[in-house]
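Visitor: below: sequence and its predicted model.
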Amino acid sequence: MRVHVPRDAAARALGADDVARALAAEAERMGLRAEIVRTGSRGMIWLEPLVEIERDGTRIAYGPVRPEDARALLSGRMEALGRVEDIPFFARQTRLTFARVGLNDPLDLAAYGATGGLAGLAAALALKPEAIVEAVRDSGLRGRGGAGFPAGIKWETVRTAPGAGKVIVCNADEGDSGSFADRMLMEGDPFLLIEGMAIAGIATGAERGIVYIRSEYPDAIATMQAAIARAESGGLLGPRLLGSGRSFGLEVRVGAGSYVCGEETALLNSLEGKRGIVRAKPPLPALSGLFGRPTLVHNVLTLAAVPFILAEGAAAYARHGLGRSRGTIPVQLAGCVARGGLFETGMGLSLGTLVDDIAGGTATGRPVKAVQVGGPLGAYFGPEHFDTPFGYEEMDGAGGILGHAGITIFDDSADMGRLARFAMEFCALESCGKCTPCRIGAVRGVETIERILEGDATAVPLLEELCDTMRDGSLCALGGFAPYPVLSALRGWPGDFGLPPANRQAAE
Amino acid sequence: MSQKGPRGPWPQATEAALDEVIVAHAGGEGAGALLPILHALQARFGHVPDGSVPRIAQALNISRAEVHGVITFYHDFRAQPPGRQVLRLCRSEACLAMGAEGIAQDVRDRLGLAWGETSADGAVTLEPVYCLGLCACAPAAMLDTRPLGRVGSDALLAALAQGATGDDGEATP
């Protein structure tokens, strides 16, 4: 009998370590031969700690499990959830990137290879670099960090860039509230990210990579470091990748609590030992990035999508999706949510399907007032926008962003005026200070929102003008997108700002 | 399974002790080693001692102003050692949606601490944090490196009391 208990930080935050200890102790008391395997999370966080008992190759899930449930669980007296694959939340997903997360010990390289891992790298090693780039381009994969830039174009730019010492940089500075897919992937299937980076290295001619992980993720840092060490001894990294003549090395670097370092040029400055100040573009990092070298910067999820594309073919990836948003996206359902967790699906489901059907609405059972899509810089949407399809162009067309595909749900107790103020306050706190619209604008924005909240409706046009200036004049998305949550809250819920509904038309 | 920061008592930051850490992490291209050095100093001494600034500057061939600028830019680096435990409460949207503001106020009142303060007996430092990636089990917190989900103020104070006894609640499978 094998007992699978997640070691994902969210499962641990809900007591998975205590459950694992209780199960080990109880198994010993009962004289059971039970092997306890710590896995990644299957992504159904509302059921965590979710324990799977494996007998004769069949895994049955139980959850949420408390330590005091150990005896009932091991003796078969606890009510089961059935197979994970049959739970509707899971059954409705298309798991390409997260296919393996939650199945095995994430640091078991043999299990990784036995469950389809390394096939993408093996395929890439048999191809010319141009052909690898072509596969990535044909898959339609776009930057999953939020910008949605076509990955194939970026790869081709780095591949053909003149200059030595090219670098692959993985942006694992996942600072957007409501997002945790990068963390879950690194904690649950770190070899997949390593494999994706190695493929990127072969395709572009880079022989080293760096994973920049935020310091708020101690478990992800530890897991990636351990995985890199095992990958080196197992031939997934090092001077002879899978026994070939190709070489690729990887190291983990740790951020230091700066949100703006999730912006790629600020991240590069941070890696260079500087303050996390945004750089003006051009030059593009693809041509002149880390220490002036051609640098491929991608989010965790972009790089982790690559092994599937190489192993199964570009068409197998591109077959999912909507319009120009190809492939799958790991949607993260967060906040005041009944069924919170990670839901990987082809692009194009409507926002309402995700919020009402899949997430099951709010945790409190009260009506959904608003959802914020794409992190602290994303717009707030009310239920009247729930028919919007989940894709890059579609969210943009609705006046928002897809961002990193996090959806934070709020029930009707949310105060949109306070949330708008918070968005500006956060921008002021995290502004790198390089450009004036963001550095000064965010501070003035907080003051102006406060004026409105104190009853001064004449400050509304001022706030709108300020938001225009920030959006058009900021150097990066921090100042440029902070107006999204602010103006969407103001326009959608003027009453929360003490404004009459009539102001809604005036604002639009 | 995750590393947890040392909880003091912190060693004396003598010049020799500082140099030992700096030399161990210096190297590489340009000043790229700066953040690793600062993290290592803070792990060893609980903070980045003032006396390290000129020594880092010399080791990396950059100005003291540049070192100072980096230390003060990033929220993580401390000018003084923290309490024996560091409790970080998330203040981001997903946690706000689950009442994090009220819980934080209650914890601040019960501990008698403002954000960033350390209790007089040196037991605990209270800090805000902007997202721990635990947004599907909000409100979230982190005690040293131990993640805590769906917390209320009672649970947070209980975790502090448990942590003070040295039981970090972590399994080491």
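Guide: Alright, I've got the coordinates.
Visitor: from here on, just use CA atoms for contacts and neighbour counts.
Guide: Will do.
Visitor: dump the residue contacts of residue 100.
Guide: Let's take chain A. A:115, A:188-189 (CA atoms under 8 Å, 6 or more residues apart in numbering or on different chains).
Visitor: wrong one, I was asking about chain B
Guide: Counted by CA under 8 Å, 6+ apart, B:Ala100 has contacts B:90-91, B:139.
Visitor: same deal with A:Ala334?
Guide: So A:Ala334 contacts A:178-179, A:340-341, A:406-409, B:94, B:135-138 (CA under 8 Å, 6+ apart).
Visitor: got the phi and psi for it?
Guide: phi -140, psi 180 (degrees, to the nearest 10).
Visitor: go on, A:Phe410?
Guide: phi -120, psi 140.
Visitor: gap between it and chain B?
Guide: As judged by CA to the nearest CA, to the nearest Å, A:Phe410 and chain B stand 5 Å apart.
Visitor: show me the beta-bridge partners of that residue.
Guide: With DSSP bridges as the criterion, A:Phe410 is bridged to A:Ala370.
Visitor: packing partners of the worst-scoring helix or strand of chain B on mean pLDDT?
Guide: With mean pLDDT, DSSP states H and E as the measure, the helix or strand of chain B carrying the lowest mean pLDDT is helix B:153-164 (a mean of 93). Here helix B:153-164 touches strand B:85-90, helix B:100-111, going by 3 or more CA pairs under 8 Å, 6 or more residues apart in numbering or on different chains; DSSP states H and E.
Visitor: contacts for it, please.
Guide: With CA under 8 Å, 6+ apart, helix B:153-164 has contacts from B:85, B:87, B:103-104, B:106-107, B:123, B:143, B:168-169.
Visitor: what's the nearest residue to A:Ser350 if we skip its chain neighbours?
Guide: Sequence neighbours aside, A:Pro389 is the residue nearest to A:Ser350 in space, at 4.1 Å (criterion: CA to CA, 6 or more residues apart in numbering or on different chains).
Visitor: my guess is the one you found contacts A:Gly346. True?
Guide: No. Shown here, A:Pro389 and A:Gly346 do not form a contact pair, counting by CA atoms under 8 Å, at 11.1 Å.
Visitor: if we can go back for a sec, which residues touch the residue nearest to A:Ser350?
Guide: A:Pro389 makes contact with A:348-351, A:395 under the criterion CA under 8 Å, 6+ apart.
Visitor: which among these gets closest to chain B?
Guide: When these are compared for distance to chain B (CA to the nearest CA), A:Leu351 wins out at 17.2 Å.
Visitor: so that closest one touches A:Met395, yeah?
Guide: No. A:Leu351 lies out of contact with A:Met395 (CA under 8 Å); the separation is 9.3 Å.
Visitor: shared neighbours, those two?
Guide: A:388-389.
Visitor: quick one, domains of the chain?
Guide: I'll assume chain A. A:2-87, A:109-318, A:330-411, A:416-507 (automatic domain parsing).
Visitor: meant chain B, my bad for not saying
Guide: Split by automatic domain parsing, chain B gives B:4-73, B:85-165.
Visitor: tell me the most buried of the ones you listed?
Guide: domain B:85-165 (a mean of 21; mean count of other CA atoms under 10 Å in any protein chain shown).
Visitor: any idea how far that one is from the middle of the chain?
Guide: The chain centroid and the centroid of domain B:85-165 are separated by 13 Å, computed with CA atoms, centre = their mean, to the nearest Å.
Visitor: next one: stretch A:447-466
Guide: With CA atoms, centre = their mean, you get 34 Å for stretch A:447-466.
Visitor: please apply the same query to stretch A:460-473.
Guide: Distance, stretch centre to chain centre, for stretch A:460-473: 29 Å (CA atoms, centre = their mean).
Visitor: okay, buried residues for it please.
Guide: For stretch A:460-473, burial by neighbour count (16 or more other CA atoms under 10 Å in any protein chain shown) applies to A:460, A:463-464, A:466-467, A:469-471.
Visitor: returning to what we had before: redo the contacts of A:Ala334 as CSV? Include secondary structure.
Guide: Conversion of those to CSV gives the following (DSSP: H, G, I helix; E, B strand; the rest coil):
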residue, secondary structure
A:Gly178, coil
A:Ser179, coil
A:Gly340, coil
A:Gly341, strand
A:Gly406, strand
A:Ile407, strand
A:Thr408, strand
A:Ile409, strand
B:Ala94, helix
B:Cys135, helix
B:Ala136, helix
B:Cys137, helix
B:Ala138, coil
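Visitor: quick check: residues of the stretch 101-250 of chain A near chain B?
Guide: Neighbours of chain B within the stretch 101-250 of chain A, by CA under 8 Å from any CA of the partner chain: A:174-180, A:183, A:216-219, A:222.
Visitor: which among those residues end up buried?
Guide: Here, 16+ other CA under 10 Å leaves A:174-180, A:183, A:216-219, A:222 buried among those.
Visitor: pLDDT below threshold where in the chain?
Guide: This is for chain A. A:502-508 (pLDDT under 70).
Visitor: switch to chain B, please.
Guide: Short version for chain B, where the test is pLDDT under 70: B:1-6, B:166-173.
Visitor: hey, where'd the helices end up in it?
Guide: Under the criterion DSSP state H, helices of chain B are mapped to B:15-25, B:34-45, B:52-60, B:64-73, B:93-96, B:100-111, B:153-164.
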